[in-house]
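Colleague: I'd like to go over a predicted model; first the sequence, then the structure.
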Amino acid sequence: MFVLNHFIVAVAKIIDIVLTIYMWIIICRALISWVNPDPYNKIVIGLYRLTEPVLGYVRRILPIRNIGIDFSPVIVILVILFLQYFLVETMIELAARL
């Protein structure tokens, strides 16, 4: 049973690390959007390819449009924080009870 316990904790920690990295990628994308980035820069292209599927989906479902401020990075970061505090902590607590 201890193997399953350690496996669940390891998966929870990997999910936490992946969510943290993605949150920092979203923050970098938001900071780069404040300046006029070179659209042919490989880093800018990479950031847009990594974040646009999620941010584009959030933009489509947000009722707020045409106000000039993109709130989708804030919404995605809040969802990531929710997943870190709820999903990861729940997985660790579940592993502790096994």
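Modeller: On my side now, so go ahead. Only a predicted model underlies this, so the values are computations on that prediction, with no experimental measurement involved.
Colleague: which stretches of this protein aren't confidently modelled?
Modeller: For the chain, applying pLDDT under 70 flags the ranges 65.
Colleague: would you list every one of the helices in the protein?
Modeller: 2-33, 42-61, 72-83, 89-97 (DSSP state H).
Colleague: any chance of these in TSV, with mean neighbour count too?
Modeller: C-beta: built from backbone N, CA, C; applies to glycine. Converted to TSV, those look like this (neighbours: other C-beta atoms under 10 Å):
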stretch	mean neighbour count
helix 2-33	14
helix 42-61	13
helix 72-83	16
helix 89-97	13
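Colleague: and the nearest residue to residue 4 once chain neighbours are set aside, how far is that from residue 6?
Modeller: Leaving aside its chain neighbours, residue 4 sits nearest to residue 98 (6.0 Å; criterion: C-beta to C-beta, 6 or more residues apart in numbering). According to C-beta to C-beta, to the nearest Å, residue 98 and residue 6 sit 10 Å apart.
Colleague: same check, this time on residue 24
Modeller: Residue 24 is 27 Å from residue 6, by C-beta to C-beta.
Colleague: In contact with residue 76, which residues?
Modeller: The contact partners of residue 76, by C-beta atoms under 8 Å, 6 or more residues apart in numbering, come to 26, 54, 55, 58.
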